[in-house]
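S.K.: task: produce atomic coordinates for the following.
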Amino acid sequence: MTTVKTTYLGDLRTENIHLQSSTRIITDAPTDNRGKGEAFSPTDLLATALGNCIMTIMGIKAMDNGIDLIGTEIEITKIMANEPRRVSEVIMEFNFPKKGYSDHEKRLIESVAGTSPVPMSVHTDMKQTIRFNW
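M.R.: Below you'll find the predicted structure:
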């Protein structure tokens, strides 16, 4: 079954509809690649998907162990390479709220980072840097 329907709108812009929820995402080419940069670029979405997938698997681990991660934020930095043009590194800095997490809770949450589907699906040449700020 189809997951997403994408339509090219012209001017290096696409509209993507998640068919189950009808949620829409617009993408633009980045300004350094002839785009307007008025929306997420496809490579921005890749970096975002990586960080969000890790956050989701950490959320599952937290939920299963009674740990409250509400308010955790990620700062995601995408680094591009040339020849070939590609994402060479994604830096994800997880900033946890000051909730007095125990060392055991921290180890549990950190242990699942990188084990979810997106981190396991991207090319091994793309560096994934994960930082935890407790």
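S.K.: make it CA atoms for all contacts and neighbour counts henceforth
M.R.: Fine.
S.K.: isn't residue 95 right up against residue 70?
M.R.: No - Residue 95 lies out of contact with residue 70 (Cα atoms under 8 Å); the separation is 11.0 Å.
S.K.: between the two, which is the more surrounded one?
M.R.: Taking other Cα atoms under 10 Å, residue 95 and residue 70 do not tie; residue 95 has more neighbours (15 against 11).
S.K.: what residues are up against the more buried one?
M.R.: 72, 73, 74, 75, 132, 133, 134 (Cα atoms under 8 Å, 6 or more residues apart in numbering).
S.K.: can you go through these and name the buried ones?
M.R.: residue 74 (16 or more other Cα atoms under 10 Å).
S.K.: which of the contacts of residue 95 fall within strands?
M.R.: 73, 74, 75, 132, 133 (DSSP state E).
S.K.: and the helices in this structure?
M.R.: Along the chain, counting by DSSP state H, helices occupy 42-64, 103-111, 117-121.
S.K.: give me the nearest residue to residue 29, chain neighbours excluded.
M.R.: residue 35 (4.1 Å; Cα to Cα, 6 or more residues apart in numbering).
S.K.: count of neighbours near the nearest residue to residue 129 once chain neighbours are set aside?
M.R.: Once flanking residues are discounted, residue 129 sits nearest to residue 91: 4.6 Å by Cα to Cα, 6+ apart. Taking other Cα under 10 Å as the criterion, the count of residues near residue 91 is 19.
S.K.: where does this structure have low pLDDT?
M.R.: Applying pLDDT under 70 to the chain picks out no residues at all.
S.K.: re earlier: the contacts of residue 95: which two are farthest apart?
M.R.: 75 and 134 (13.9 Å; Cα to Cα).
S.K.: identify the bridge partners of the closest residue to residue 78 other than its chain neighbours.
M.R.: The shortest distance from residue 78 to any non-neighbouring residue, by Cα to Cα, 6+ apart, is to residue 90 (4.7 Å). Beta bridges link residue 90 to residue 78, residue 128, judged by DSSP bridges.
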